[in-house]
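Asker: Prediction below, plus the sequence it came from.
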Amino acid sequence: MEDVVDRLCSPRANVFEELDRARQSSPESFTSGRTVTAILSQLGRRRQMSVAMQVWRWMESAQGITRNVYHYNALINVCEKIRDWKMALDLMRQMDDERIPKNEITYSSAISACEKGGNWRTALDLLKTMKDKGIMPTAIAYNAAISACEKGLNPSKALEIFDEMKREGVRPTVVTFSALISACEKGQQWKLALQVLEEMKATFGPNVIAYSAAISALSKGQQWEKAWELFCEIEQSGEKLSVVTYNATMTALEKGLQWERALDLFDEMKYKNMAVTVVSYGSAISACEKGYQWRQCLEYLDEMTERKISKNVIIFGAAMSCMEKSHRADIAFQLMERMKLERVRPNVHIYNSVISACARCKLWKKGFELFKEMDEVGVKRDVVTYNAVLDAVCSQVDLAEDIFHEGIERGFYAKVSRLGTQWLELDLHFLSLGGGETALRWWFEKCLVPYLGDSKELASVKSIDIVTGYGKTRARGARRGDDSMRKRVRAMLSFMNVTELDQPNMGRIHIDKQALLKEVERNGGKIVFDAQGYEQYKLQEGLDEPYNEAPQFVRPRGGAMHERNERDVQQEGGSRPVNGGHGGYYGNSQQPRPERLEPNRFEPPQRHGGGDEQYINNGRQNYSDPSYPAQNYDDGRNHDEWQGRGPNPRFEPPARQMHS
């Protein structure tokens, strides 16, 4: 049979002639239909739908062969393999036309085809029809329906089917529980996933597929501690851990800022010679971003090249984000060139990261060039793009205002200013720091001051507020210390001589209306902003200083084994996981420790916002050359000289007036 199918699948095969010859050699098996069923099943495994349809047409012309339910089931199974649910339904209608009764395999295969094709509603309709026809669904049909709900991001429906399955007396299998846990994961229901896992363990014991799905659900729920517990639990059970288990756990750890633990697991995967995938490297590179380990990130990119693992836009996106957080705009530019060499087209997330890197490294010209380039190459900008470029160009007031107005026209900042009859509000909580500075200047000059000139309008105004956001909403904007939107806005108000009223909400600033009116009147109907004083204040407060570079480590390429508790520290009443940091990096590991790399100092040209190209090309090795090893990359930087700064006397902003 294999020989027949091989000949049918050959590029120049005449399917009709091959089947005629095969029938002549074994006429009885063809007449009974068993051989044709076997051929269709083989073609299904090979996903050869076009050949299967030629076999189907041959059956119509061949005398003495009558199509039956087994033939239809085999062809519907081919539809399932190629995810063609519409063809599967067409074949079921043909069965009705030819009055061929369907069985549980017919429905199960069709439901699976709908599941593979992402059509969960039709899958559930087929399950209902199956029961209405008096055909008892099997575990296979229920499993396919639950998986269809998983694809449709509908965990509640998946649970309904699961409960119905048990009511009907159909015993759930490990596949059932794994599909249900995956449905919970897709629906971001990690607590529900744990409940299902516990029920499965009571019946079948630990299963690595179900555990992997549960760990993935915990990853999406930002529950790295529980994910780590499950990983250790399945490991201790004696089950063989899969690459999927490691990948899911690494992702959970890096999302929980446990980047060292994540890289430890990646070390283990390589040490055990596991088949690491592009997903494994994606999680490892994302972990490098959390720990600002840009050198290790470059090592992983080189490893992928050596292992012949193709890099995709997600890999480069994670690497770009690492360079952005590590203030390495120079390497980000070279990675853009590397993407061209490897024929990976940058998307909006790539551009956003590189523009943000420009903002962090004070390369406003280059950031603006990339912003303009997006239109030229057909990459659609989003609100993150505008926030990033405003971070980069906020010191160029006119340019920043032009970009901000463009963002308003495109609807990204449409709700920033809210001018009501009784309240005036500027909402900055979803803007970047540079975007917030630009919006604040625009609001006072273009929106608020003209409004204040109308005494009738102003009489009914009870409050003038600026929403800055507080806590988690500003965590990503903090670059150093208390570098929050609130701190910048209050400083800008001080340099406008605008006073605020004391109030308890830390995410909101309440403006003193009467004092503001007096200030506008004193300045001849406008607000005067001491921009030079504000920039000097930012300089002295360190709001624009590059961060202190994290120590760089490069791990052995062959991997290493690590003890499970080496990241834990003993505290009173038990142990607590370490969140980030570099202390005790290698703990009690028996393997060689990675080399710590000390930067070699060099002095790039001093810049005051204009020497972008000179900085980019000054003595830098070229990572865009695929043959260049990452470990030779020069990473030395003297940040004070790099910014053209030396020690300056302490500068204080004007005293802020507060009224209670």
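Answerer: Arrived safely.
Asker: Correct me if wrong: Phe316 contacts Leu335.
Answerer: Yes: the criterion here is CB atoms under 8 Å, and Phe316 meets it with Leu335 at 6.3 Å. The C-beta positions use only the backbone N, C-alpha and C, and glycine is treated the same way.
Asker: List phi and psi for His562.
Answerer: When read as degrees, to the nearest 10, the backbone of His562 gives phi -130, psi 150.
Asker: What is the burial count for the closest residue to Asp382 other than its chain neighbours?
Answerer: Spatial nearest neighbour of Asp382, excluding adjacent residues (CB to CB, 6 or more residues apart in numbering): Val348 at 5.7 Å. Using other CB atoms under 10 Å, Val348 has 15 neighbouring residues.
Asker: any idea how far Val348 is from Tyr386?
Answerer: Here Val348 is placed at a distance of 11 Å from Tyr386 (CB to CB, to the nearest Å).
Asker: cool, Ala414 as well?
Answerer: Distance from Ala414 to Tyr386, counting by CB to CB: 12 Å.
Asker: So which of the two has more stuff around it?
Answerer: Between Ala414 and Tyr386, Tyr386 has the larger neighbour count (other CB under 10 Å), namely 25 against 10.
Asker: thinking again about what came up before, got the confidence number for the residue nearest to Asp382?
Answerer: Val348 is assigned 96 on the pLDDT scale.
Asker: do the one 5 residues further on as well
Answerer: At Ser353, the pLDDT value in this model is 96.
Asker: so how many other residues sit close to the spatially closest residue to it that is not a sequence neighbour?
Answerer: Nearest non-adjacent residue to Ser353, counting by CB to CB, 6+ apart: Met320, 3.8 Å away. Look at Met320: counted by other CB under 10 Å, it has 29 neighbours.
Asker: Mind giving me the packing neighbours of the helix or strand that contains Met320?
Answerer: Applying DSSP states H and E as the criterion places Met320 in helix 313-325. Under the contact criterion of 3 or more CB pairs under 8 Å, 6 or more residues apart in numbering; DSSP states H and E, helix 313-325 touches helix 278-290, helix 294-306, helix 329-341, helix 348-360.
Asker: just how off-centre is it within its chain?
Answerer: Distance of helix 313-325 from its chain centroid, counting by CA atoms, centre = their mean, to the nearest Å, is 11 Å.
Asker: which residue is nearest the centroid of the chain?
Answerer: The geometric centre of the chain, computed from its C-alpha atoms, lies nearest to Ile314 (CA atoms, centre = their mean), at 8.1 Å.
Asker: check contacts around that residue.
Answerer: By CB atoms under 8 Å, 6 or more residues apart in numbering, the contact list for Ile314 reads Gly282.
Asker: repeat that for 10 Å
Answerer: Contacts of Ile314 were listed using CB atoms under 10 Å, 6 or more residues apart in numbering, and they are 278-279, 281-282, 285-286, 344, 347, 349.
Asker: Among the residues you listed, which one lies nearest to Leu241?
Answerer: The shortest approach to Leu241 among those belongs to Val279, at 15.0 Å (CB to CB).
Asker: distance of the nearest residue to that closest one once chain neighbours are set aside from Lys311?
Answerer: Using CB to CB, 6+ apart and skipping the chain neighbours, the partner closest in space to Val279 is Asn247 (4.9 Å). Using CB to CB, one gets 16 Å for the distance from Asn247 to Lys311.
Asker: who's more crowded, those two?
Answerer: Asn247 (26 against 20).
Asker: from the middle of its chain, how far away would the host helix or strand of the more buried one be?
Answerer: Per DSSP H and E: Asn247 is located in helix 243-255. Helix 243-255 sits 13 Å away from the centroid of its parent chain (CA atoms, centre = their mean).
Asker: Can you list the buried residues in that helix?
Answerer: Within helix 243-255, the residues scored as buried using 16 or more other CB atoms under 10 Å are 244-255.
Asker: Now the helix or strand that comes right after it: average pLDDT?
Answerer: Using DSSP H and E, the next helix or strand after helix 243-255 towards the C-terminus is helix 259-271. The pLDDT scores in helix 259-271 average 95.
Asker: what's the angle between helix 259-271 and helix 243-255?
Answerer: Interaxial angle, helix 259-271 versus helix 243-255 (axes from the mean of the first three to the mean of the last three CA atoms, to 10 degrees): 160 degrees.
Asker: Tell me how far helix 259-271 lies from the chain's centre.
Answerer: 20 Å.
Asker: cool, and stretch 249-258?
Answerer: 13 Å.
Asker: go on, stretch 204-221?
Answerer: For stretch 204-221, the distance to the chain centre is 20 Å (CA atoms, centre = their mean).
Asker: Flag every buried residue along that stretch.
Answerer: In stretch 204-221, counting by 16+ other CB under 10 Å, buried: 206-221.
Asker: just to revisit the earlier point, can you say which of the helices and strands packed on helix 313-325 is nearest to Arg46?
Answerer: Arg46 lies closest, by CB to CB, to one member of the helices and strands packed on helix 313-325: helix 278-290, at 25.5 Å.
Asker: which residues are in contact with stretch 90-99?
Answerer: Contacts of stretch 90-99 (CB under 10 Å, 6+ apart): 56, 66-69, 71-73, 75-76, 78-79, 84, 100-102, 106-107, 109-110, 113, 126, 129.
Asker: Just the buried subset of these, written out for PyMOL, thanks.
Answerer: Buried residues within the contacts of stretch 90-99, by 16+ other CB under 10 Å, are selected in PyMOL with:
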select buried, resi 56+67+68+71+72+73+75+76+78+79+84+100+102+106+107+109+110+113+126
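Asker: Now, the contacts of stretch 90-99 that are in strands?
Answerer: Among the contacts of stretch 90-99, none falls in strands (DSSP state E).
Asker: Okay, strands next: where are they in this protein?
Answerer: Assigned by DSSP E, the strands in the chain fall at 417-419, 423-427, 463-467, 500-501, 508-511, 552-554, 568-571, 574-577, 595-597, 658-659.
Asker: in the first one, what counts as buried?
Answerer: Across strand 417-419, burial judged by 16+ other CB under 10 Å covers Ser417.
Asker: Touching both of Phe316 and Leu335, which residues are there?
Answerer: Contacts common to Phe316 and Leu335, judged by CB under 10 Å, 6+ apart, are 301, 346, 350, 353.
Asker: Redo the residues you listed as CSV? Include distance to Pro172.
Answerer: What follows is the shared contacts of Phe316 and Leu335, written out as CSV (distance: CB to CB, whole Å):
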residue, distance to Pro172
Leu301, 44
Pro346, 46
Ile350, 44
Ser353, 44
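Asker: neighbour-wise, which of the residues you listed leads?
Answerer: Ser353 (27 neighbours).
Asker: if we can go back for a sec, just curious, which of the buried residues of helix 243-255 is nearest to Arg564?
Answerer: Checking the buried residues of helix 243-255 against Arg564 with CB to CB, the nearest one is Thr249 at 11.7 Å.
Asker: as a whole number, average confidence for stretch 129-139?
Answerer: Here the average pLDDT along stretch 129-139 is 91.
Asker: Need the residues that contact that stretch.
Answerer: With CB under 10 Å, 6+ apart, stretch 129-139 has contacts from 92, 101-108, 110-111, 126-128, 141, 143-145, 161, 164-165, 168-173, 175-176.
Asker: Tell me the buried residues within the residues you listed.
Answerer: The buried subset of those (16+ other CB under 10 Å) comprises 92, 102, 105-108, 110-111, 126-127, 141, 143-145, 161, 165, 170, 172-173, 175-176.
Asker: My guess is Gln296 contacts Lys290. True?
Answerer: No: Gln296 is beyond contact range of Lys290, at 11.5 Å (criterion: CB atoms under 10 Å).
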